[in-house]
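Engineer: Can you look at this prediction? I've put the sequence above it.
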Amino acid sequence: MWKKYYKFFTGRLFRSIGIYLFSSFLNGIIPFLILPVLTRFLSPSDYGIVAMFSVLITFLAPFTGLSVHGAVYRKYFDLDEKEIAVYIGNVCFVLLTSSLITGLILFLMSKKVFLFTGIPVNWVCALIVVSMMNFLSQVLLSIWQVQEKPVFFGVYQNLRTLLNVSLSLFFVIVLSLSWKGRVLGIVVSSGIFGFLSLYILRRQKLLSLTLNIEYIKNALGFGIPMIPTALKAAIITITDKIFITNMVGMRFTGLYSVGSQLSMPIHLLTTSFNSAYVPWLFKKLKENDMKINKKIVRYSYLYFFILFILALIMSSILDKLLFYLVGSEFIGAKTFISWLSMGFAFSGMHSMVVNYIYFAQKTALYGIVSVVSLLLNITLNYVFISINGAVGAAQATCLTYLFTFLMTWRLSSKVFPMPWFYFLKGESKA
């Protein structure tokens with residue numbers, strides 16, 4: 001048995017996971033390290049505005065691009081190099097069209113956006129620009145992911161974050177632009193790397209602007225059913241902050257956002273693991289080998305256990321170190337950390353089981369789970385914040401992630417059966 005585990009931990013998958021983990025650690029630690037600085041130059045209310053800007057970008061992502069970047073990831077396995085270049089070009093056509101429409105709607109609703117989020121009207125259009133540029137970066141990163149090039153993935157990701165942080169610090173500290181400086185850092189860095197993505201794709205002959213209606217239909221067929229899923233994640237991210245802003249106050253939105261950022265290492269860990277795991281998993285699932293599937297199940301349970309324990313340990317450590325990590329005005333963020341850490345752990349478990357739905361290409365069915373999760377999240381946020389104040393948002397987020405994980409696991413077992421309970425039937429582990 002130990003030889004099998006040794007082979008796994010010294011194999012290509014684990015090496016890729018190690019690179020992704022190291023890259024994601026650097027990518028996550030940079031903004032984490034500037035948290036003590038920003039929380040001493042920005043007030044909780046300022047931080048709340050920055051948080052609202054960031055989550056609105058996440059909310060707009062499904063509309064600027066219609067979630068078709070995920071289709072590139074899937075179709076890469078089916079098309080040759082010339083065909084995938086044309087496919088990516090048509091994905092860009094979808095991005096441009098959908099972004100123009102979304103931008104016009106957002107401009108017309110800018111005053112209402114300000115009332116709900118506190119984002120000034122003259123900054124609303126910047127949201128579309130950032131969302132578009134992030135989409136382009138995501139396409140390039142997806143290509144490197146399926147090509148199993150974690151080093152390129154990591155270097156690009158970390159340089160983008162480093163530029164974001166460097167510009168933000170310059171604008172906030174040197175130019176004294178307050179929250180506007182942090183937002184400007186996000187906008188400029190996203191724009192630079194978005195155009196860099198186009199340049200790299202073109203240089204690698206992975207971008208051909210040749211109109212192909214069939215490819216557009218295929219991409220939309222994959223992406224549109226994924227919009228409820230993408231919206232689920234976006235609305236879960238934004239709902240808690242909107243409720244806190246309107247029911248408790250922008251100051252508590254800032255505290256909540258800091259608590260969320262401190263809990264983020266769990267999310268970074270699961271995201272980096274999934275980046276290396278998905279290409280390996282898809283290859284193994286194609287083999288349709290029961291012995292391999294049983295191994296995958298065992299490793300999945302081990303992964304769930306590690307995440308659960310890690311969330312408990314991290315909550316305890318952050319509670320003791322909080323005074324050194326943030327400014328004195330942000331000590332109240334400790335209230336949210338334990339709930340959000342566990343929520344991110346459940347989210348990581350969800351990321352493990354949703355892969356089977358993607359492989360089976362049953363995204364339409366998954367959309368139903370997403371809609372139910374959204375309604376639950378909105379309801380829980382309103383009820384828990386009404387009863388427990390701002391911490392109710394963290395509780396609602398944690399429970400929503402748990403529910404989503406369990407429902408997604410159940411659905412995945414139906415659309416792509418795996419031997420999740422083979423050991424209960426007395427079957428061999430071999």
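Structural biologist: Yep, that arrived. Remember, it's a predicted structure, so these values are computed and weren't measured experimentally.
Engineer: Could you list the low-confidence segments of the stretch 1-150 of the chain?
Structural biologist: 1-21, 24-31 (pLDDT under 70).
Engineer: for the protein, what's the longest helix?
Structural biologist: Longest helix in the chain, counting residues (DSSP state H): helix 250-287.
Engineer: Now the phi/psi pair for Leu211, please.
Structural biologist: phi -60, psi 130 (degrees, to the nearest 10).
Engineer: What distance do you get for it to Gly103?
Structural biologist: 22 Å (C-beta to C-beta, to the nearest Å). (Each C-beta comes from the backbone N, C-alpha and C, glycine too.)
Engineer: neighbour-wise, which of the two wins?
Structural biologist: Each of Leu211 and Gly103 has its neighbours counted (other C-beta atoms under 10 Å); Gly103 has more, 20 against 10.
Engineer: Name all residues that make contact with the more buried one.
Structural biologist: With contacts defined as C-beta atoms under 8 Å, 6 or more residues apart in numbering, Gly103 is in contact with 125, 128.
Engineer: Pull out the buried residues from the longest helix of the chain.
Structural biologist: Using 16 or more other C-beta atoms under 10 Å as the test for burial, helix 250-287 gives 250-282, 285.
Engineer: Now for Cys308: which residues touch it?
Structural biologist: I think there's a mix-up here, since residue 308 is Phe and not Cys. 342, 345.
Engineer: now do 6 Å
Structural biologist: By C-beta atoms under 6 Å, 6 or more residues apart in numbering, the residues touching Phe308 are Ala345.
Engineer: where's it, which helix or strand?
Structural biologist: Assigned by DSSP states H and E, Phe308 falls within helix 290-325.
Engineer: between the helix or strand just after that helix and helix 290-325, what angle do the directions make?
Structural biologist: Moving toward the C-terminus from helix 290-325, the next helix or strand (DSSP H and E) is helix 334-360. Angle, helix 334-360 to helix 290-325, by axes from the mean of the first three to the mean of the last three C-alpha atoms, to 10 degrees: 160 degrees.
Engineer: between the host helix or strand of Ser386 and helix 250-287, how many degrees?
Structural biologist: Assigned by DSSP H and E, Ser386 belongs to helix 363-388. Orientation check (the same axes, to 10 degrees): helix 363-388 against helix 250-287 gives 150 degrees.
Engineer: List the buried residues for helix 363-388?
Structural biologist: Across helix 363-388, burial judged by 16+ other C-beta under 10 Å covers 363, 366-367, 369-370, 373-374, 376-378, 380-382, 384-385.
Engineer: Against which helices or strands is that helix packed?
Structural biologist: Applying 3 or more C-beta pairs under 6 Å, 6 or more residues apart in numbering; DSSP states H and E, one finds that helix 363-388 contacts helix 227-247, helix 391-415.
Engineer: Run the chain-centre distance for that helix.
Structural biologist: Helix 363-388 has its C-alpha centroid displaced from the chain centroid by 18 Å (C-alpha atoms, centre = their mean, to the nearest Å).
Engineer: what's the answer for stretch 386-394, then?
Structural biologist: Distance of stretch 386-394 from its chain centroid, counting by C-alpha atoms, centre = their mean, is 24 Å.
Engineer: What distance separates the opening and closing residues of that stretch?
Structural biologist: For stretch 386-394, the first-to-last residue distance is 13 Å (C-alpha to C-alpha, to the nearest Å).
Engineer: re the thing from before, figure out which of the helices and strands packed on helix 363-388 is closest to Pro150.
Structural biologist: With C-beta to C-beta as the criterion, Pro150 lies closest to helix 227-247 of the helices and strands packed on helix 363-388, at 23.3 Å.
Engineer: Mind listing residues that contact that closest one?
Structural biologist: Taking C-beta under 6 Å, 6+ apart as the rule, helix 227-247 contacts 51, 55, 58-59, 62, 67, 252-253, 256, 366-367, 370-371, 373-374, 377-378, 381, 385, 390, 393, 397, 400.
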